[in-house]
Structures are given as C-alpha cells and as structure tokens.
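Asks: 3D, please:
(2 chains)
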Amino acid sequence: MMMLGLVLTFATVGCKKHPYGPTPIPGLTPKPGGGTLDSQPSVNPQPPIDAGTNVGTTGGIPLGPGHEGWAADPSDPLKAQTIYFDYDKSSIKTSEQGKLEDVASYMKSHGDVALRVEGNCDERGTEEYNRSLGERRALGGREYLVRLGIDASRIDTVTYGEDKPAETGHDEAAWSKNRRDDFVVLLAPKQ
Amino acid sequence: MNKKLSIIAALVISFAGNGLLAQEAIEINRNTTPGLTPPTPIAITGFSGEVEATLRFDLTVMGFTNVPPESANFILSGGNTGESVQGRLSSGGIGAKSVLLSKVYNGSSLRRQAHRLADDVVLKLTGVNGIAETKVAFKVDTGPTSEIFISDFDGHNAQEVTRDRTVVAAPCWVPGRLALYYTSYKLGTPDIFYQNLTTGERRNYAHYPGMNSSAAVSPNGRRVAMIMSKGGSPDVYVCDADGSHLKQLTATREDESSPCWSPDGQWICYATKIEGRRVLCKVSAEGGPAQRIPTSGVSNPSEPDWSPDGKWIVFTAQMGGFEICVVPAQGGSATLLVSGEDPCWAPNSRTVIFARRSGGNRVLSLLDVPTKQVKDVSRVSGSGSSNSQPSWAR
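Replies: Take a look at the predicted model:
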C-alpha cells in the first residue's frame, strides 16, 4: 500500500511537468428566449388538437370551446357574488348558494353575456395542488349554475391556484378571503 | 471573456486508481438510507474565497462534511490563483497517503473550475457523476406577476426565460435538451408552452378550454404528461411531443395534480384523492386502472417526483406544515426528511432541490437525501421575491 501511494504521488507530480492538452468543456450557455425575449415572442393559440381521441370522462360537465376575444364587463356586475370555500374543499357551502342563485338570475336576464368562473385558493397548499383545487372550485360553481338552468356552453373556468390572492396576509382572515370563486361577466366583441 | 474551461494535468495511474475507486465507492454506497447516512468526512484545505466556498457548498449537498484533516477520510488540498484552481485528493488518516486525483483547472471562471473539481472528487469517490455543473429551472414570483428562470444548480448565473409580465408556473426540462415546458397565463388561461432555450422558439403546446398545467416530459423526451380540465374535472392526460395522440388517463371528480414519470417511461405517478383522502397513485402511460402508492406514516401527499435510478419517490406531505418525504417507488413506509415542498431529484438520485417558506416567501434549498444536509440556493430577484417550483435538468 505504501509503495502504491509513493508511485501515485510520484506519477502525479510528474504529470504536472508534462501536462496533457486542455480538455475543452462543451459550452452550456443557453440563451433563454433568444432574440425573441426583447420583442414580443410570437405566440399563436392553437386550436384543440386531436380532440377525437378523448376517452370521455365521468368527471363532470365538459367545457365548451370558450370565449376567446370576449372582454370582462368593466362594471363587474357580479363583484358582490364572490363565493367562499372551506379549507381544502371544493363543495359549495349552504351559505353561498344564495349568491349563486343571484348569478344564475343575472345570466338568465342577460342572455347575450358569458361568464368566467375564476377559482382561487389560499397559500396553505402546494402550488400545483392548489391550481387543480382552484379549477375544481371553478368547475363546482359552474356545475351549480348549470343545475340552476344556465347553458354550460356559456360558462368558462379559469384557475389561479394561489397566484391571485384577494388578500396578501398570512393568517386565517386573509386565507378565508382567498378561498373563492369570482364571477366575471364577459361581453361579446363589438362588431 | 467566456473562455472554455480546460483541464490540464489529469492523471492517476489507471489500474491503481480504479482499484482504489472501487474500494471507496463500495464503502460510500453501502449505506445510503434516506436521512440516516452519516456524511463522509473530508478536509478541504488550501483554497480561499469563492473557490473554497463553492467546494464546501458542492460537497455538502453531495454527501460530504468538511472536517479537520486528522478526522477526515479524505483530504482535498490545493489552492487557487486569480486564474486557476489546483486540487489534489488523497485518502486521509495516519500513514500512507494515496493520491486519488490531481488536477489543475483553468479557463471559464474560478467558480466553474471549483464546480468541476467538486464533481471530479465525487466521481472518484462514489463512482456517480456529480451535479455541480447542472442547471435548474424555477418560478420567480415578484407579486402580481411571475417569470420562469434558469440558473446553475446553486442559484448562480440566473437567466430570465420569460418576460411576459403574467403568471407562469411549473417549469419542466426536456431530458438532455436545452428546452422547457411551462404553464403561462399569457393568453388569459393556464396553457402549456414549449420553449427552445437555444433558439428562443416558443409554441403553445396545450391550449384546451379550462386548465392546462403541470407538464412532465417522459424520460425519452417523446411524450408529455399533464393536467387538463377540458372534460369537466382536472385529470391526467398524456400526449406526444408533437401534440398528437392525446389520451386521457384518469377520469375522476377529484383534483389530480403534479404528474411525474418513472424512469423506464412505463408509469405516471400523480397526486389525487380517494374517498376524501389525499394519496399518491400511478397509472400506466398507456392507460389502465390507477394503482395506489402507499405512503404510510405521513398524510396529505402531493408533488411526487420519481428518482432517476427508479428506486424512490420524493414528495411533499402536508401535516400542519409542509414536509419533504421519500418512499420506496413501490410504496411503503415514508421517511420524513426536512420541512419544505415541491421536491425535484437531481440526476444523481441523491440530491433534491425544493422550496421552503421563509417570511411569507419561498426560497429554494438543496437537500442531500441520505445525510439530510441542507444548503440554501442563492435567491433571484431580491428578498421580496419567491423562488419556487424547481425542475432539475437531467
């Protein structure tokens, strides 16, 4: 063992005197976004692809094609109808059902508008879990409205997970305001 | 300025070196029980400044601990000038010193040279490639908007990938490629985008009604698993990389989230609920019944990530706070490691990057799973920002 150590030491010292050629390391200098970062990246929405292979779902009421190009009603008529959820739940509480009935009657009396249900969570879940939970909350609100007679194709959903809190605090007072569905009225593009 | 890092003078007598390597590798690999493996004592001597700090950091998150030479199993000696790093690794203890490695590094930056030396030490002693020159992607949240960034694994050399001033989430590397999938609300709803980091080419990969998020690329890069809600509930879908052959793999009223692939590409593991309780499940990538992956001892699992060697699944358990846990890939008794969330394995199947909460924000940290040693990654965009959802390039 000692012999081996000596040999190794000797060999190593010798090596410094007679270096091998440099070994280049392939460059790893990604250019995020490349030239398109400074300008607006060209992003073209794709139409749904290969929808024919959908195996169908028992999970709920399928979403319609949506209302791209429609704009939020600036008067935000359903601002006061935001509904709130219990922690980690997506079921509609009895206390919130009256507000959903208000939303349904607004939709019935305004046959030309569409609706976007925006699901949100408090920060007490992991991020992608919350994104899915927020979508379940939005879909739960949508299903309730469909049961009240609103055409499912008029209602879009979006989840913000915990990314758009109504309150930025880190206590139950803030969290209870963040576990919510907001109802945004959408107006058709002007011709 | 950006000189290529080069190595001069790399030599260990090959047959003798291999003999020693095999011995030490066996010693270190014998016991890597998560959370219960003592770190390997190494003495890091003769270096200064950023080089010394980098070596200590890198070796800590790959299972070593810096100790005085008299109590070290190995000695990493050497030094650094303004332009080069010289390193020599020998076995510690009293008596004969076997030199295992002796190299001089120059070019690129001193930091890069130190990373290369750390990786050389790890490869020599464990037989596994180091991770000190790998990249991570993550989300930087500065309030109303967030952006995707990439950086070195330790947070240095961060670069902005998006600049859309919208909400983004869940970046995922394409294996072996400088390319990412991520979620962006650029068009108003959560869509999955693909972006080539070399050319900047970007395309909208999944833009179905409702939610499209949590892209996970298969180990061969040819398929993408994701969560979509177009069927009326969040479910796991899989699709070819060109957008064709979309297939729905789950059909529940629960909120499936965070799919990940087994390294053989056969299984997709994800988080869901069964009878109101949060669980981890797996489903064949070709479709079929879901199978539960038991995580006994902890509750509310989410955010699974399957280790590249196939043996472990790391995940977040929510039990009051958030805890990083591992479980054998077939399921079983879970081991609670440290507080944190959203873990992602390094290519070495032992280091994990994760997010932990600090003063209302999230910071990224590195965890060496066998030894439970933790080091914080340097934060991007200042103390008011959150850095989260890390994805390791592997």
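Asks: beta partners for the closest residue to B:V298 other than its chain neighbours?
Replies: Leaving out its chain neighbours, the residue that sits closest to B:V298 by Cβ to Cβ, 6 or more residues apart in numbering or on different chains is B:A317, at 3.9 Å. (Each C-beta comes from the backbone N, C-alpha and C, glycine too.) Residues in a beta bridge with B:A317, per DSSP bridges, are B:P301, B:E323.
Asks: wait, doesn't B:A317 sit right on B:S299?
Replies: Yes: taking contact to mean Cβ atoms under 8 Å, the distance of 6.3 Å between B:A317 and B:S299 places them in contact.
Asks: and stretch B:34-53, average pLDDT?
Replies: Throughout stretch B:34-53, pLDDT has a mean value of 96.
Asks: thinking again about what came up before, which of B:A317 and B:S299 has more neighbours?
Replies: When B:A317 and B:S299 are compared on other Cβ atoms under 10 Å in any protein chain shown, the one with more neighbours turns out to be B:A317, at 24 against 15.
Asks: List the contacts of that one.
Replies: With contacts defined as Cβ atoms under 8 Å, 6 or more residues apart in numbering or on different chains, the neighbours of B:A317 are B:T295, B:V298, B:S299, B:N300, B:P301, B:E323, B:C325, B:A334, B:L336.
Asks: between the residues you listed, which is nearest B:M226?
Replies: Of all the contacts of B:A317, B:M226 sits closest to B:P301, with 19.6 Å by Cβ to Cβ.
Asks: Neighbours of that closest one, how many?
Replies: Other residues close to B:P301 by other Cβ under 10 Å number 28.
Asks: looking at it, it is touching B:P294, isn't it?
Replies: No: B:P301 is not in contact with B:P294 according to Cβ under 8 Å; the separation is 9.8 Å.
Asks: Could you pull out the helices in chain A for me?
Replies: Remark: helices of chain A, listed N- to C-terminal, are A:2-17, A:97-109, A:127-147, A:172-178; assignment by DSSP state H.
Asks: I'd like to know how far the closest residue to A:G69 other than its chain neighbours sits from chain B.
Replies: Distance criterion Cβ to Cβ, 6+ apart; nearest residue to A:G69, sequence neighbours excluded, is A:P189 at 4.8 Å. A:P189 is 14 Å from chain B, where distance means Cβ to the nearest Cβ, to the nearest Å.
Asks: tell me what the host helix or strand of B:F149 is packed against?
Replies: With secondary structure defined by DSSP states H and E, B:F149 is part of strand B:146-152. Packed against strand B:146-152 by the contact rule (3 or more Cβ pairs under 8 Å, 6 or more residues apart in numbering or on different chains; DSSP states H and E) you find strand B:135-141, strand B:159-160, strand B:168-173, strand B:179-184.
Asks: Would you indicate which residues of stretch B:76-90 are buried?
Replies: When neighbours are counted by 16 or more other Cβ atoms under 10 Å in any protein chain shown, the buried residues of stretch B:76-90 are found to be B:L76, B:S77, B:G78, B:N80, B:S84, B:V85, B:Q86, B:G87, B:R88, B:L89, B:S90.
Asks: Would you enumerate the residues in contact with residue 88?
Replies: In the absence of a named chain, chain A is used. Applying Cβ under 8 Å, 6+ apart to A:D88 gives the contacts A:R124, A:G125, A:L133.
Asks: if you could check chain B rather than the one you did, that'd help
Replies: The contact partners of B:R88, by Cβ under 8 Å, 6+ apart, come to A:T12, B:L76, B:S77, B:G78, B:V99, B:L101, B:S102, B:K103.
Asks: The residues you listed into TSV, with extra columns for pLDDT?
Replies: As requested, the contacts of B:R88 are exported to TSV (pLDDT from 0 to 100):
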residue	pLDDT
A:T12	37
B:L76	97
B:S77	96
B:G78	96
B:V99	93
B:L101	95
B:S102	96
B:K103	97
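Asks: ok, which stretches of chain A are strands?
Replies: Chain-ordered strands for chain A, with DSSP state E as the definition, fall at A:71-72, A:83-84, A:114-120, A:155-161, A:180-187.
Asks: contacts for the last one?
Replies: The set of residues that contact strand A:180-187 without belonging to it, under Cβ under 8 Å, 6+ apart, is A:67, A:70-73, A:76-78, A:81-85, A:103, A:106, A:110, A:113-120, A:137-138, A:140-141, A:156, A:166.
Asks: Pull out the buried residues from it.
Replies: Applying a neighbour-count criterion of 16+ other Cβ under 10 Å, one finds A:R180, A:D181, A:D182, A:F183, A:V184, A:V185, A:L186, A:L187 buried in strand A:180-187.
Asks: With adjacent residues omitted, what lies nearest to A:I61?
Replies: B:G232 (4.6 Å).
Asks: actually B:L89, not the one I wrote
Replies: Here the residue nearest B:L89, using Cβ to Cβ, 6+ apart, is B:L101, at 4.0 Å.
Asks: looking at this, the one you found is in a helix?
Replies: No: residue state for B:L101 (DSSP: H, G, I helix; E, B strand; the rest coil) corresponds to strand; a helix is not indicated.
Asks: tell me the contacts of it?
Replies: In this structure, B:L101 makes contact with B:V12, B:G87, B:R88, B:L89, B:D120, B:V121, B:K124, judged by Cβ under 8 Å, 6+ apart.
Asks: Report the distance from the one helix or strand the fourth one maps to to the chain centre.
Replies: When you say that, I think you mean B:L89. Here B:L89, judged by DSSP H and E, is contained in strand B:84-91. How far strand B:84-91 lies from its chain's middle: 27 Å, per Cα atoms, centre = their mean, to the nearest Å.
Asks: Give me the sheet partners of it and which way each runs.
Replies: Under the rule (DSSP bridges), strand B:84-91 has strand B:74-80 (antiparallel), strand B:99-106 (antiparallel) as partners.
Asks: closest to B:W306 out of the ones you listed?
Replies: For these, distance to B:W306 was read as Cβ to Cβ. The smallest value, 31.5 Å, belongs to strand B:74-80.
Asks: what number of residues lie near the residue nearest to B:D191 when sequence neighbours are not counted?
Replies: Setting aside the residues directly before and after it, B:D191 is nearest to B:H207 in space (Cβ to Cβ, 6+ apart), at 4.6 Å. Here the count is done by other Cβ under 10 Å, and B:H207 has 22 residues near it.
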